[in-house]
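Chemist: Just the structure for this:
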Amino acid sequence: MPKHQRTIGNRLSTRWRYVTMAVLLGLIVSLGVPYCGRWWRIDTCLDSGGAWNQERSTCEH
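Modeler: Numbering: from 1, shown residues only. Here you go, the predicted model:
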């Protein structure tokens, strides 16, 4: 196999690796953000001296 063809194949392989990593990162972020947002609201509520109402998902002072 000529050297030129191996180089093109390596570039395509590297490009697909980056695309796959970007898609996986996007999935992780899209699934994690709702959980982190809820956690952050609860933490902020408790830090301010409030009590988190689990049934209503609200902070009560």
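Chemist: so who does the residue nearest to the spatial centre of the chain touch?
Modeler: Nearest to the mean C-alpha position of the chain, by Cα atoms, centre = their mean, lies residue 29 at 1.4 Å. Listed by Cβ atoms under 8 Å, 6 or more residues apart in numbering, residue 29 has no contact partners. For glycine as for every other residue, the C-beta is placed from the backbone atoms N, C-alpha and C.
Chemist: Dihedrals phi and psi, it?
Modeler: The phi/psi pair for residue 29 (degrees, to the nearest 10) reads phi -70, psi -40.
Chemist: Can you check the pLDDT for it?
Modeler: pLDDT for residue 29: 90.
Chemist: for residue 25, same thing?
Modeler: 96.
Chemist: any idea how far residue 16 is from it?
Modeler: Going from residue 25 to residue 16 by Cβ to Cβ, to the nearest Å gives 15 Å.
Chemist: Also residue 39?
Modeler: 34 Å.
Chemist: Listing partners with orientation, what would you give for the host helix or strand of residue 52?
Modeler: Element membership for residue 52 (DSSP states H and E) is strand 51-53. If you go by DSSP bridges, strand 51-53 pairs up with strand 58-60 (antiparallel).
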